[in-house]
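S.K.: only geometry, no sequence info:
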């Protein structure tokens, strides 16, 4: 459950960060650049991977803590 929560938090954090980047770019009347968008989307990719592999990741963490 905690693994899924962390994954969902990473995805939500990325979406909020990208939305704020877009709002700031619109406010300053500047173009959005590709590199900051790609850099800001890395946590989302990690979150999606964590959601896909949630059961295996939770089992691995459980084994490490035992």
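M.R.: Happy to help now that I have it. All of these numbers come straight from a predicted model, not from anything done at the bench.

S.K.: what's the helix or strand hosting residue 51 in contact with?
M.R.: Using DSSP states H and E, the element containing residue 51 is helix 42-52. Residues from elsewhere that reach helix 42-52 (CB atoms under 8 Å, 6 or more residues apart in numbering): 3, 4, 6, 7, 8, 9, 10, 11, 13, 14, 15, 57. For the C-beta atoms, the positions are set from N, CA and C on the backbone; glycine is no exception.

S.K.: Swap in 10 Å and give it another go.
M.R.: Applying CB atoms under 10 Å, 6 or more residues apart in numbering, the external contacts of helix 42-52 come out as 3-4, 6-15, 17-18, 38, 57-58.

S.K.: same deal with stretch 54-66?
M.R.: Residues contacting stretch 54-66 (CB under 10 Å, 6+ apart): 1, 2, 3, 4, 5, 6, 7, 49, 50, 51, 53.

S.K.: Can you give the distance from it to the centre of its chain?
M.R.: On the basis of CA atoms, centre = their mean, to the nearest Å, stretch 54-66 sits 20 Å off its chain's mean C-alpha point.

S.K.: So for that stretch, what gets flagged as buried?
M.R.: 54, 57 (16 or more other CB atoms under 10 Å).
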